[in-house]
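Peer 1: Predicted model and sequence follow; I will ask about them next.
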Amino acid sequence: MSTRARIVLDHVSKQFRTPAGDLSVVEDVSLAVEEREFVSLIGPSGCGKTTLLNMIAGFVPPSQGVLTLDGAPITGPGPERGMIFQEYGVFPWLTAAANIGFGLTLRANRAPEAEREGVVTRYVALMGLKGFEHAYPKTLSGGMKQRVALARAYAVKSEFLLMDEPFGALDAQTRAAMQDLLLDVLEQEGKTVLFVTHSVEEALYLSSRVVVVTARPARVRTIIEVPFPYPRRDDLRRRPEFVDLRAEVGALVMHEYEDQERQRGHSA
């Protein structure tokens, strides 16, 4: 793995103004993400993980601190960062193929029609969507819709995937299949991934590092270097060392949930 830091957060904080005053959501977070790393953020619901991801995406600015990409400040969205949401984000009026190729019709990533068709054909095959190219989203399962969303992010050659609970709405079997598909595609394509999840098992199965985030305001509690080599397969989940690490990280996350509940009790 390269040791070159691509995305750097340097003492980043974020507050939002509310009728009751400023609400601190992220506090003094420093983190460096290297080329082709898979970094997961895990912590209690509402702790600020999505806000961190949105700042990296350039959707919202930090209140304090600096975020940089290859040394340059992040001041807004860019085509090198593809965002994938839990809600699939596919256009219901476009077919699967048209959804995948949509980004290649926009100015930032516009490609000639022949090239666009070649890219779409490649990702239809890679994501297991052959035979569904002309289907509309309303006829697709949740897993297929998320494959379309992933394929669209890949098609525009985003170097970074920013993924906000992308498999959270899927059933357990489909979720496991999508995790394996993501790992297979990353093995072929090579991307840098920041991934928000509430699942300790998912974070450990996918990631090279897991960042445990505190109860709001989000701070870095600890960073776990995941010791399992790639490629990974489903039997990893049953290995004793994986089970032990899952329990260890789960205890850290549960402590933050308990802190969050105590905060709510004090503010009630």
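Peer 2: Yep, it's here. Computed from a predicted structure; not experimentally measured.

Peer 1: ok, now which ones touch the residue nearest to the spatial centre of the chain?
Peer 2: Central residue of the chain (C-alpha atoms, centre = their mean): Met163, 2.0 Å from the mean position. With C-beta atoms under 8 Å, 6 or more residues apart in numbering as the criterion, the residues that contact Met163 are Met83, Ile84, Val193, Leu194, Phe195, Val196. The way it works is simple: take the backbone N, C-alpha and C, and place the C-beta from them, glycine included.

Peer 1: and the helix or strand it falls within, average pLDDT?
Peer 2: Under the criterion of DSSP states H and E, Met163 resides in strand 160-164. If you average the pLDDT over strand 160-164, you get 92.

Peer 1: ok now that strand, how far from the chain's centre?
Peer 2: Its chain's C-alpha centre and that of strand 160-164 lie 3 Å apart, by C-alpha atoms, centre = their mean, to the nearest Å.

Peer 1: now stretch 43-51
Peer 2: Distance, centroid of stretch 43-51 to centroid of chain: 13 Å (C-alpha atoms, centre = their mean).

Peer 1: any weak-confidence spans in the stretch 51-200 of the chain?
Peer 2: 87-88, 108 (pLDDT under 70).

Peer 1: Please, where are all the helices along it?
Peer 2: 96-101, 113-126, 142-155, 172-189, 200-206 (DSSP state H, counting those that start in this stretch).

Peer 1: Longest helix in the protein, by number of residues?
Peer 2: Secondary structure assigned by DSSP state H gives helix 240-267 as the longest helix of the chain.

Peer 1: same for it, what does it pack against?
Peer 2: helix 200-206, strand 209-213, strand 220-225 (3 or more C-beta pairs under 8 Å, 6 or more residues apart in numbering; DSSP states H and E).

Peer 1: could these be laid out in TSV, adding mean neighbour count?
Peer 2: Formatted as TSV, the helices and strands packed on helix 240-267 follow (neighbours: other C-beta atoms under 10 Å):
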stretch	mean neighbour count
helix 200-206	22
strand 209-213	22
strand 220-225	14
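
Peer 1: Now distance to Arg262 too, for these, in CSV please.
Peer 2: Compiled in CSV, these are given as follows (distance: least, C-beta to C-beta, whole Å):
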stretch, distance to Arg262
helix 200-206, 21
strand 209-213, 17
strand 220-225, 15
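
Peer 1: Relative to Ala111, which of those is closest?
Peer 2: For those, the distance to Ala111 is smallest for helix 200-206, at 29.6 Å, taking C-beta to C-beta.
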